[in-house]
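**Q** structure for the following, please:
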Amino acid sequence: LLWRHFISNDFYGGKAFLVNTVHDCVWVDAHKSVAVQVAADVKRIMESIPEFYNARHGMDIDVPFPVEVEAGANMMELSHKTLLALAA
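**A** Numbers count the residues shown, from 1 in each chain. Now for the predicted structure:
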């Protein structure tokens, strides 16, 4: 779902890219000018995964899939505060 979203949005004008996944974590490299929108879109899409599986595969997943988004200059500096600062 994320890959298709990024493609259909031209990788946010070439300013955001899916970098890696580890278990249930997705890493994105995004320019600060699009970081807030990318974070909101990734959160929305990932939280919709149960509904997607229910609709597409006839499953009955009722477990919530909460998503937390953090940002930072590098992986050692990830924080919710960084994203909030970008949004301000």
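**Q** now the strands for the protein?
**A** Secondary structure of the chain (DSSP state E): strands located at 16-22, 25-30.
**Q** thought L1 was touching E51?
**A** No: L1 lies out of contact with E51 (CB atoms under 8 Å); the separation is 10.7 Å. For every residue, glycine as well, the C-beta is placed using N, CA and C.
**Q** coming back round to it: now the strands of the chain as TSV including mean neighbour count, distance to I61 and mean pLDDT?
**A** Below are the strands of the chain laid out as TSV (neighbours: other CB atoms under 10 Å; distance: least, CB to CB, whole Å; pLDDT from 0 to 100):
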stretch	mean neighbour count	distance to I61	mean pLDDT
strand 16-22	13	20	95
strand 25-30	15	19	95
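**Q** out of those, which is closest to D62?
**A** D62 sits nearest to strand 25-30 of all the strands of the chain, at 22.8 Å, using CB to CB.
**Q** now do the contacts for the residue lying closest to K15 once chain neighbours are set aside.
**A** Computed as CB to CB, 6 or more residues apart in numbering, the closest residue to K15 that is not its neighbour in sequence is H31, at 3.9 Å. Residues counted as contacts of H31 (CB atoms under 8 Å, 6 or more residues apart in numbering) are Y12, K15, A16.
**Q** also T21?
**A** W27.
**Q** for V28, see how far away it is.
**A** 10 Å (CB to CB, to the nearest Å).
**Q** let me know the pLDDT of L83.
**A** We note a pLDDT of 81 for L83 in this prediction.
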